[in-house]
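In: Generate coordinates for the sequence data below:
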Amino acid sequence: MGQQQLLLLVISIIVVAFAIMAGFSAAQTKLMQSEADTLISRNLSIASEAVFWKTKRDPYAGGNASYAGLATDGMQKLFLGEATHNGTFKITLATTNELQITAVSTNYPEIGARTFIRDYSIDSTAVAYDGSITIE
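Out: Next up is the predicted model:
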């Protein structure tokens, strides 16, 4: 082989190696975004159940227009599990008109999501990829 052909072969191997590394990086980023989306989806399901629970006027199985009853054992009162194969979920704040649901990924502990509910609607959701959202 001539020097020119060897040089082209080496350059093409380097280009392919960089393309493969970029592909792995893109796949990892997409996987982490998918994990965050899964946490948010479950948080929204929990929020929906909590809003329904708040609207019930039953003193034994409802909130009587308050989230405060979910402050302790809130997930059990909603008949929802705190852990799934995707993450751990917990009601971290419950007052009369505000509710906060926090989730941390099982596969990527640095990924967390927190959903804020005010009155009967979802106020906002925060997602962190740096481990700043935790469940105490």
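In: CA atoms for contacts and neighbours, from now on please.
Out: OK.
In: And the helices in this structure?
Out: Along the chain, the segments classed as helices by DSSP state H run 3-55, 74-77.
In: residues of the last one that come out buried?
Out: By that I understand helix 74-77. G74, M75 (16 or more other C-alpha atoms under 10 Å).
In: Ok, stretch 95-115 next?
Out: Neighbour-count burial for stretch 95-115 flags 96, 98-106, 109-115 (criterion: 16+ other C-alpha under 10 Å).
In: try stretch 28-36
Out: The neighbour-count check on stretch 28-36 (16+ other C-alpha under 10 Å) flags M32, E35, A36 as buried.
In: Quick one: residues contacting the residue positioned nearest the centre of the chain.
Out: Among the residues of the chain, the one closest to the centroid is L39, at 2.6 Å (C-alpha atoms, centre = their mean). By C-alpha atoms under 8 Å, 6 or more residues apart in numbering, the residues touching L39 are N86, G87, A103, V104, S105, G112, A113.
In: is it possible to export those residues to JSON lines including distance to G2 and pLDDT?
Out: Output for those, formatted as JSON lines (distance: C-alpha to C-alpha, whole Å; pLDDT from 0 to 100):
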{"residue": "N86", "distance to G2": "55", "pLDDT": "93"}
{"residue": "G87", "distance to G2": "57", "pLDDT": "96"}
{"residue": "A103", "distance to G2": "60", "pLDDT": "97"}
{"residue": "V104", "distance to G2": "57", "pLDDT": "97"}
{"residue": "S105", "distance to G2": "54", "pLDDT": "96"}
{"residue": "G112", "distance to G2": "55", "pLDDT": "96"}
{"residue": "A113", "distance to G2": "57", "pLDDT": "97"}
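In: Okay, now the unreliable bits of this protein?
Out: 1, 59-60 (pLDDT under 70).
In: The same query, at a cut-off of 80, please.
Out: Within the chain, the ranges that satisfy pLDDT under 80 run 1, 57-63, 136.
In: Now tabulate the buried residues of stretch 28-36 in CSV and tack on distance to A26.
Out: Rendered in CSV, the data for the buried residues of stretch 28-36 read as follows (distance: C-alpha to C-alpha, whole Å):
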residue, distance to A26
M32, 10
E35, 14
A36, 15
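In: quick one: which of the residues you listed is nearest A68?
Out: Nearest to A68 out of the buried residues of stretch 28-36 is A36 (C-alpha to C-alpha; 27.3 Å).
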